[in-house]
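**Q** what follows is a predicted structure for the sequence shown.
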Amino acid sequence: MALELWGRGVVPGRCRAPALVSSEPISFLGGVDPESGVVVKRGHPLEGRCVRGKVLCFPHGSGSTVGSYVIYALARRGLAPSAIVNREADPIVVVGAIIAEIPMVVGVEVSRIRTGDLVEVDGERGLVRILSGGREACT
């Protein structure tokens, strides 16, 4: 049986993809390389990991408003996450998800999701469903 986590849908859309989870906020400007989609912030729990095609789960965003455009640039290059799930809505990440048309849900306790879980996101309904647990096989 799938575990359902309800939040508030911010950007409509649906996807099913493996989760990539961080217990720390993410700053997209300077924290994620817009040319590769790899987290480059030194010491970040996701350092060296690619966000492309993942349900990117983290508490909230941080940093400059230019981060919204980094999210958009990732989407234009085909390097963006498939969906974003946050505990708290951050205007930088919300605007980025809107302009990049990335499904987004906020108000979810992301600590209940593990990297590698197969996750289904419904950004219209505000539903995050964990379909299967486990560790991610590849990056």
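**A** The structure has been received and is ready for your questions.

**Q** residue ranges with poor pLDDT in this protein?
**A** Low-confidence segments of the chain (pLDDT under 70): 134-139.

**Q** most centrally placed residue in it?
**A** Nearest to the geometric centre of the chain sits residue 56, at 2.3 Å (CA atoms, centre = their mean).

**Q** which stretch of helix or strand covers the closest residue to that residue other than its chain neighbours?
**A** Closest residue to residue 56 apart from its sequence neighbours, by CB to CB, 6 or more residues apart in numbering: residue 81 at 3.8 Å. All C-beta atoms are positioned from the backbone trio N, CA, C, and that covers glycine. Secondary structure assignment for residue 81, by DSSP states H and E: no helix or strand.

**Q** quick check: residue 81 touching residue 57?
**A** No: applying CB atoms under 8 Å as the test, residue 81 and residue 57 come out as separate, 9.2 Å apart.

**Q** for the top strand by length along the chain, which helices and strands make contact with it?
**A** Longest strand in the chain by number of residues (criterion: DSSP state E): strand 14-21. On a contact count with 3 or more CB pairs under 8 Å, 6 or more residues apart in numbering; DSSP states H and E, strand 14-21 meets strand 55-58, strand 118-122.

**Q** what helix or strand does residue 73 sit in?
**A** helix 67-76.
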